[in-house]
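K.L.:
below are the sequence and a predicted model for it; my questions follow.
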Amino acid sequence: MVWFALWTSPVLSAPSTPSEEIKALLVLNRLGYGPRPGEVQRVAETGVENFIRVQLQPAELPHDKVELLFSRLPALQKSRAELVASFQASQRARQERQKALASIPEGTEAPKPPEGFRALQQEIQQLLPQLQMAKLGRAVLSERQLEEVLTDFWFNHFNVDARKQLVLPLLVDYEASAIRAHVFGSFREMLGAVARHGAMLVYLDNWRSTGGRAAQPRPAMVMMGDGESDAEETVPRRGLNENYGRELLELHTLGVEAGYSQDDVRTAARIFTGWTIDPESGDFIFRPRAHDDAPKVFMGQPLPDSSGVDEGEHLLDLLATHPATARHLAHKLLQRFVADTPPQDYIERVAQAFLQSGGQLRPTYEAIFFDPQFFPVALASPKLRTPWEFAVAALRATDSQWRPKGALANSSNEVPDREKMAAEGMEAVMDVDAPSRNSLSGIIALGQPPYQCAPPTGFPEDSRHWASAGSALARMKFALQLTGGGLGGIQPGSAILATPVRSATASTQARQLSRLILGRPASLSTLKVIEESLAVAPTSKTETSPPAANAVALLLASPDFQNK
Amino acid sequence: MNSPLISRRFFLKQGGLAFAALGSGGILGPGFLRASALADSPRTSSSGRKVLLCVFQRGAADGLSMLIPHGDPAYYKLRREIALGAPGSSSGSDEKALPLDDTFGLHPALAPLREFYLAGELAVLPACGNPEASRSHFEAQDLMESGVGADKRLLTGWLNRLIGCCPQDQANRATRSTLRALALANELPRSLQGPAPALAIGDLDRVGLPPWPVSIKTDRNNTFDPAGQLNKLYAGAGGDLIEDAGREGLAALAMLEKIKTQNYQPSHGAEYPGHSFGKSLRQVAQLIKADVGLEVAFVQLGGWDTHINQGAAQGPLAGRLRELAGGLSAFHQDLGPRMSDVLVLTMSEFGRTARQNGNRGTDHGYGTTFFALGGNVRGGRVLGQWPGLETENLHEGRDLAITTDYRNFFAEACLRHLGLPATRLPLVFPGHTVPLNTLPGYLG
């Protein structure tokens, strides 16, 4: 009876109208990563509109303690300068080690690596897994779901790839200070923070774009990564690099249809010459001698003050308030939240809201979610979950927790006590300190590895891109693995996999289970398959063998769960 | 409440739009292109299903050690300690390049490939690569697998676009298309990413779904396995994208599992080397012979980034070359007469510096050596144009130049092996014009 009471008691209270539940499911799936068990009913009861308003003001939401715990990851403790210093030091140490190994005569034993060598290499190797684990943990556990989705959206919009040279140690700070800090603020400020951030300056090569009377570049600027020897990168190449200029216009602001010319791309690139970084600290530096200070005209407008860093700031001002930018951003936001091909008039309304608010993002989101077309269009336009969204949704739907190690570890079906874990300081927690290969590799195998998107376009917002045979199979595998042994230290909530009430028919159980996992009853064909799997007997006779686990696996793998 | 299905009809309509989007370097490239939208007449292969196998040497393989320019005097000046002896020289026999002609030889570790060269089945193309690539492995691999020069925007790979717009082999019409393109790798490589169906299989011997979380009592026929139930979930009427994708995936999986259980014995006495590259090639051969409709296969091999102590006749580079040749040789032997339908292309993202560095190795370069191996190859020749190793002929004064764009090398395989109509080349290599009159010439 316990299981039944835990998950169905909300139904016994005053029922919400079906349409309110349908809307609740939609907002949980679109503004967030999907409902946790019972959450659809809770949101329907407290009101969908209320939910949206609260999500738009996340400071009002209690900052979940478990979310705080991820902030104790070593990688997230260090400052940007510290991480860059460690990164450069590890690269240099690795080179020295290779040279040392190369020069020993054959047959002699390799000398031991210097003190701290291994720790340093490991620190850098653990950086990306830790960041990926933090992103996963936040997406699954945070109450501030919209903030998580928006941070993902804007990071993707201003995409950088962790594998490129100095981007990796700059990634934490990039995501936190250039992206997340601004998702409810001003687009212009986000744009400016991104333009000045070392992660973007390196990723799109602007750090080495020069014009004007560039001075002799500094010697021994170590910009390694990607296995290149220092012969390659000690001297930044002279000359204009158009990469950032082009992507700034095409991807970050105006969009490809805005009517700017190739000359404008070149002009934009020239404007940002001199915007570079100090490779030892990752700090932004403006080098006047590398800046092209000839007067410039952009899209027919002459730009004031060509001699300094302000020229770039003026261009960003222009771009951030341009109607084409408004339309471009509106289109992408609507793709993410409403439909793969949003209606033109809806795009226009959202673009107008963006412009009229002076490029403020919260009013822009309000214009999306409170538009009379939001529910009609979104409900009529299912989106396919991306691999990442699928993984997070599956973990949320199964109330998955990070299982703590050490003193708090147990193998029973006890749901881990979050408060207790918080009180114990979380040293015993999971894979926080050394993310398990299993948990992350299972996610990465789905085909959308976080922080590793090579093209500057980021992953497409059009969800149909992800419909492939390989992706479908990978999701089925993931569903079976998660409900089977869990993913490394991440385990589904034991109550989810518990044996359903024996007195209820398989058909009732199937319906209940699908409402729990999907947030709504599954399609008839899916229900039939779930019923079958609940009717078979397990081989083991012990109580700890819940056949519901098989049914949950099938629900997560079902076509119903892939669409949202 | 059932969610409305995401309709497939959209794509048939959008097929035309996708062509138009290409010119502007559209973000999605030839996205959503489906073979069915193109109303092809299928090609007919003369003797059987044509297969293209791409072997990617990741890490920038030293082309100057694969095809050794012993007749170019600058070679010995540039590589005092890591050069291979000229065929006529007094070096020990296993220290010398294997002669191909007056100018060129092959690395001794590539001895099996020399046999193919002499039999006219191997063609060699030096000084090939991407003229617009940077010297970053990650970026250059990305560009080469995307099939572009410098446009980093494409999300699709050239092999996926090729499958998407190449008429399906007529012999394949009746079979499922999901096994047309396969990578022997844990993750789908960039070259194969895109809307056309392509699968990555880490190891054919272990292909399959995980078991039930809770093992259950099954009937004797064991039909209540995960695959069986998933098949029912995805048996829908069609029209929903993910349902179709799931159905295709499960069908492909079923076929692969059937193949897996056959106890495969290589033919003609072929013995594959024990390393993972050898195993991957064996599995490609197995899949070809199983006639599942495979047309494009992809295998990769790492360890080519020889900055330090690369060695000459012996050493880390020689070891990699031995692996490469051993695997290809066994593959060739195993396939026997079927090799006439198979074309193998080797490739690497860039080459290495002409001059050795201070660590008896080489650094990132530019042009490198590509191979074409197969029954129909017009082999026994060194193709392209040798730019020479004098300083004034080196790229940026340090690297072997590029005289053949890698896309022209790939394009010949598309046109003359897989029968791609020439008009569709811009779909596979957007932004590039393939010079149809001056292709490398390994196929005619």
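P.N.:
Here it is on my side, so go on.
K.L.:
CA atoms for contacts and neighbours, from now on please.
P.N.:
Will do.
K.L.:
what's in contact with whichever strand or helix holds residue B:111?
P.N.:
Using DSSP states H and E, residue B:111 falls within helix B:111-118. By CA atoms under 8 Å, 6 or more residues apart in numbering or on different chains, the residues outside helix B:111-118 that reach it are B:98, B:100, B:106, B:122-123, B:325-326, B:329, B:373, B:379-381.
K.L.:
widest-spaced pair of those residues?
P.N.:
Greatest spacing in the contacts of helix B:111-118, by CA to CA: B:326 and B:381 (21.0 Å).
K.L.:
so between those two, which is more surrounded?
P.N.:
residue B:326 (23 against 18; other CA atoms under 10 Å in any protein chain shown).
K.L.:
does that one count as helix, strand or coil?
P.N.:
Here residue B:326 is recorded as helix under DSSP: H, G, I helix; E, B strand; the rest coil.
K.L.:
contacts only, for whichever residue of the stretch 51-200 of chain A sits closest to chain B.
P.N.:
Distances between the stretch 51-200 of chain A and chain B by CA to the nearest CA are smallest at residue A:102, namely 6.3 Å. Residue A:102 makes contacts with B:308-309, B:359, as judged by CA under 8 Å, 6+ apart.
K.L.:
sorry, back to before: any chance of JSON lines for the contacts of helix B:111-118, columns secondary structure, pLDDT and distance to residue A:551?
P.N.:
Shown next, in JSON lines, are those (DSSP: H, G, I helix; E, B strand; the rest coil; pLDDT from 0 to 100; distance: CA to CA, whole Å):
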{"residue": "B:98", "secondary structure": "strand", "pLDDT": "95", "distance to residue A:551": "63"}
{"residue": "B:100", "secondary structure": "coil", "pLDDT": "95", "distance to residue A:551": "64"}
{"residue": "B:106", "secondary structure": "strand", "pLDDT": "97", "distance to residue A:551": "59"}
{"residue": "B:122", "secondary structure": "strand", "pLDDT": "98", "distance to residue A:551": "54"}
{"residue": "B:123", "secondary structure": "strand", "pLDDT": "98", "distance to residue A:551": "56"}
{"residue": "B:325", "secondary structure": "helix", "pLDDT": "98", "distance to residue A:551": "49"}
{"residue": "B:326", "secondary structure": "helix", "pLDDT": "97", "distance to residue A:551": "48"}
{"residue": "B:329", "secondary structure": "helix", "pLDDT": "97", "distance to residue A:551": "48"}
{"residue": "B:373", "secondary structure": "strand", "pLDDT": "98", "distance to residue A:551": "50"}
{"residue": "B:379", "secondary structure": "coil", "pLDDT": "95", "distance to residue A:551": "58"}
{"residue": "B:380", "secondary structure": "coil", "pLDDT": "96", "distance to residue A:551": "60"}
{"residue": "B:381", "secondary structure": "strand", "pLDDT": "96", "distance to residue A:551": "61"}
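K.L.:
need those residues in CSV with distance to residue B:392, can you?
P.N.:
Output for the contacts of helix B:111-118, formatted as CSV (distance: CA to CA, whole Å):
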residue, distance to residue B:392
B:98, 28
B:100, 26
B:106, 25
B:122, 31
B:123, 28
B:325, 33
B:326, 37
B:329, 38
B:373, 33
B:379, 31
B:380, 30
B:381, 26
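K.L.:
where do the strands sit along chain A?
P.N.:
A:275-277, A:284-286, A:297-298, A:301-302, A:401-402, A:490-491 (DSSP state E).
K.L.:
pick out the residue nearest the middle of chain B.
P.N.:
The centre of chain B sits closest to residue B:54, judged by CA atoms, centre = their mean, with a distance of 1.6 Å.
K.L.:
assign a three-state SS to that one, would you?
P.N.:
Residue B:54 - assigned by three-state DSSP - is strand.
K.L.:
pretty sure it sits against residue B:298.
P.N.:
Yes - between residue B:54 and residue B:298 there is a contact at 4.9 Å, judged by CA atoms under 8 Å.
K.L.:
how far is stretch B:97-116 from where the chain is centred?
P.N.:
Here stretch B:97-116 is found 22 Å from its chain centre; the criterion is CA atoms, centre = their mean, to the nearest Å.
K.L.:
report the buried residues of that stretch.
P.N.:
For stretch B:97-116, burial by neighbour count (16 or more other CA atoms under 10 Å in any protein chain shown) applies to B:97-100, B:103-114, B:116.
K.L.:
among the helices and strands of chain A, which has the poorest mean pLDDT?
P.N.:
helix A:2-12 (a mean of 37; mean pLDDT, DSSP states H and E).
K.L.:
filter the contacts of residue A:102 by proximity to chain A?
P.N.:
Counting by CA under 8 Å from any CA of the partner chain, B:308-309, B:359 from the contacts of residue A:102 sit close to chain A.
K.L.:
contacts for stretch A:200-217, please.
P.N.:
For stretch A:200-217, contacts defined as CA under 8 Å, 6+ apart pick out A:160-161, A:164-167, A:194-195, A:198, A:235-244, A:270, A:272-277, A:289-294.
K.L.:
one more: stretch B:255-275?
P.N.:
Contacts of stretch B:255-275 (CA under 8 Å, 6+ apart): B:204-208, B:278-279, B:282, B:286-287, B:290, B:292, B:323, B:326-327, B:330-331, B:333-336.
K.L.:
one more: stretch A:113-133?
P.N.:
Contact with stretch A:113-133 is made by A:73, A:75-76, A:86-87, A:89-90, A:93-94, A:97, A:162, A:168-169, A:172, A:432-435, A:440, A:450-451, as judged by CA under 8 Å, 6+ apart.
K.L.:
next, the distance between the ends of it.
P.N.:
Taking CA to CA, to the nearest Å, stretch A:113-133 runs 30 Å from one end to the other.
K.L.:
which parts of that stretch are buried?
P.N.:
A:117, A:120-121, A:123-124, A:126-133.
K.L.:
before we move on, what about stretch B:396-407?
P.N.:
B:398-407.
K.L.:
closest one of those to residue A:558?
P.N.:
residue B:407 (41.0 Å).
K.L.:
please work out which residues outside the one helix or strand the closest one maps to touch it.
P.N.:
Counting by DSSP H and E, the element that carries residue B:407 is helix B:406-416. By CA under 8 Å, 6+ apart, the residues outside helix B:406-416 that reach it are B:52, B:128-130, B:147-148, B:162, B:343, B:420-422, B:425, B:429, B:434-435, B:439-444.
K.L.:
ditto for stretch B:54-62
P.N.:
Here stretch B:54-62 makes contact (CA under 8 Å, 6+ apart) with B:137, B:141, B:296-305, B:344-352, B:364-365, B:368-369.
K.L.:
and chain A, which of these reach it?
P.N.:
Within those, those near chain A by CA under 8 Å from any CA are B:137, B:364.
K.L.:
good, wrapping up.
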